[in-house]
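In: how does the following fold in three dimensions:
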Amino acid sequence: MQTTLKSRTRFTGIGLHTGQKVRLAIHPAAAEYGIWFRRTDIVGADPLIAARWDSVVPTKLCTRLVNESGVSVSTVEHVMAALAGCGVHNAMIDIDGPEVPILDGSAAPFVHAILECGLRSLDAPERAIEILEPVEVHDGAARARLEPAGSLEIAFHIDFRDTAIGRQDKVLDMANGAFVRELCDSRTFCRQADVEAMRASGLAMGGTLENAVVVDGPRVLSPGGMRHSDEPVRHKMLDALGDLALAGAPILGRYTGTRAGHALTNRLLRTMFARPASFRMITCDPRTARRLPGVGIRADDLRLVA
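Out: A predicted model of the protein is given here:
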C-alpha cells in the first residue's frame, strides 16, 4: 500500500549555499499524488515544483528542481532521501525560500520527525521500477550504474587525497530500515580548501563546522569528529538515495556509484527512462513490497544507528 504522513511536520533552518533562513513543512497527501514542493513565498507564478528527475537542472554541489515558470528549489536531496528511506510515497512540501534548510547536514532531523508523527496507509497499490538490464553513464573517472537486483542496493566508492577521508567503499541493501539505521545521520562533507573556494564563488554561505564535516589533510575540523569512520561514503549513499527517489517510485535494482555526484545520478535516470527496455513499472505484491526501503521501520530504529 502507498503511504503518507499522519500529520504535518515543520522545520526551520538556513540554506547551506544561500545562508538564507527558511521554513519548511511536510504535509500529508492523497494516494497517487507523489512528492511536490510548493514555494509559499512566490506570487504571480506557478509555485508547484514536481520532485521528479525531469525537473532537475544542472547546478553545482546539490540537486535543484525547476518548474516551467522558472520557480526553483535546491538542495532537495536530504529530505528526498528521508522520505524514500522512511517509505513515504505522497507528500506536499511547503517552503518559503529557494533552498531546503541544511539542518545538521544529514537526513536524520527529517527522519526523526517523520517517524515521530507516523505514517498512514492509503488505499492504492504500491508500485516500483524494476531494472531489467544494465544502464551506465560516465564523466571522466566518475561512473554511475543501475543493474538488475531483487531490492534496492547501493554500492559506492570514493577516493580523496585528504587522509581523513582517503579511499572508502560500502555496499548496503536498503531493505529493512537500513537507511534509518546506517545512513540517515551521515553529514555532508568537504575539504577546507573547497570551503574557501566555494565562499569566494558565493556558495556555502550557510555552511558551518556544525552542519558539515570539514577536513584538512589528516584532520577533521568539525567538533566531535566523524559520526562514523566512513561517514563520507555513507553520506554519498544518502545523496544517491535522495537523487534516485526522483525517479517517482522505488527502484528495484543495484546502483553503483564511483566518484559519482548529483548530476551524474540524474543523467543515469534520464538515460534509463530514455531506454524503455531497461526497466518496467510493476505493482508490488506483498513479498516484493517487503523489500522496499522504509517498510517495517519504527521510531525505535533511530536508536540502532550503526
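In: which stretches of the stretch 101-250 of the chain form helices?
Out: Counting by DSSP state H, counting those that start in this stretch, residue ranges of the helices within the stretch 101-250 of the chain are 108-117, 178, 192-200, 231-244.
In: from the contact counts, what lies against the second one?
Out: By that I understand helix 178. If you count contacts as 3 or more C-beta pairs under 8 Å, 6 or more residues apart in numbering; DSSP states H and E, helix 178 packs onto no helix or strand. Glycine gets a C-beta too; all of them are placed from N, C-alpha and C.
In: what mean pLDDT does that helix have?
Out: Average pLDDT, helix 178: 92.
In: same thing with the longest one?
Out: Within the predicted structure, the mean pLDDT of helix 231-244 is 98.
In: what's the following helix or strand after that helix?
Out: Going down the chain from helix 231-244, the next helix or strand is strand 251-252, by DSSP states H and E.
In: what are the pairing partners of that next one, and which direction each?
Out: strand 127-131 (parallel) (DSSP bridges).
In: wait, which of the helices of the stretch 101-250 of the chain is closest to I129?
Out: I129 lies closest to helix 231-244 among the helices of the stretch 101-250 of the chain, at 9.4 Å (C-beta to C-beta).
In: residue boundaries of the strands in the stretch 101-250 of the chain?
Out: 119-121, 127-131, 135-139, 142-147, 153-159, 167-173, 189-191, 213-216, 219-220 (DSSP state E, counting those that start in this stretch).
In: quick one: strands adjacent to the fourth one?
Out: By that I understand strand 142-147. strand 135-139 (antiparallel), strand 254-258 (antiparallel).
In: got the helices of the stretch 101-250 of the chain as a markdown table, with mean neighbour count and distance to P293 columns?
Out: Compiled in a markdown table, these are given as follows (neighbours: other C-beta atoms under 10 Å; distance: least, C-beta to C-beta, whole Å):
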| stretch | mean neighbour count | distance to P293 |
| --- | --- | --- |
| helix 108-117 | 20 | 12 |
| helix 178 | 23 | 8 |
| helix 192-200 | 14 | 30 |
| helix 231-244 | 26 | 7 |
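In: in TSV, list those helices along with distance to T163.
Out: Below are these laid out as TSV (distance: least, C-beta to C-beta, whole Å):
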stretch	distance to T163
helix 108-117	26
helix 178	28
helix 192-200	14
helix 231-244	12
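In: A84: which of the ones you listed is closest?
Out: Comparing the helices of the stretch 101-250 of the chain by C-beta to C-beta, helix 231-244 comes nearest, at 5.6 Å.
In: from the chain's centre, how far out is the closest one? Work that out for me.
Out: Relative to its chain's centre, helix 231-244 lies at 7 Å (C-alpha atoms, centre = their mean, to the nearest Å).
In: same check, this time on stretch 151-168
Out: 17 Å.
In: average pLDDT for it?
Out: Stretch 151-168 shows a mean pLDDT of 95.
In: any low-confidence regions in the stretch 101-250 of the chain?
Out: Counting by pLDDT under 70, the ranges of the stretch 101-250 of the chain that qualify are 203-205.
In: make a markdown table out of the strands of the stretch 101-250 of the chain and add distance to T9 and mean neighbour count.
Out: Listed next are the strands of the stretch 101-250 of the chain as a markdown table, based on distance: least, C-beta to C-beta, whole Å; neighbours: other C-beta atoms under 10 Å:
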| stretch | distance to T9 | mean neighbour count |
| --- | --- | --- |
| strand 119-121 | 12 | 15 |
| strand 127-131 | 25 | 21 |
| strand 135-139 | 34 | 16 |
| strand 142-147 | 31 | 20 |
| strand 153-159 | 25 | 20 |
| strand 167-173 | 26 | 15 |
| strand 189-191 | 26 | 20 |
| strand 213-216 | 25 | 20 |
| strand 219-220 | 31 | 16 |
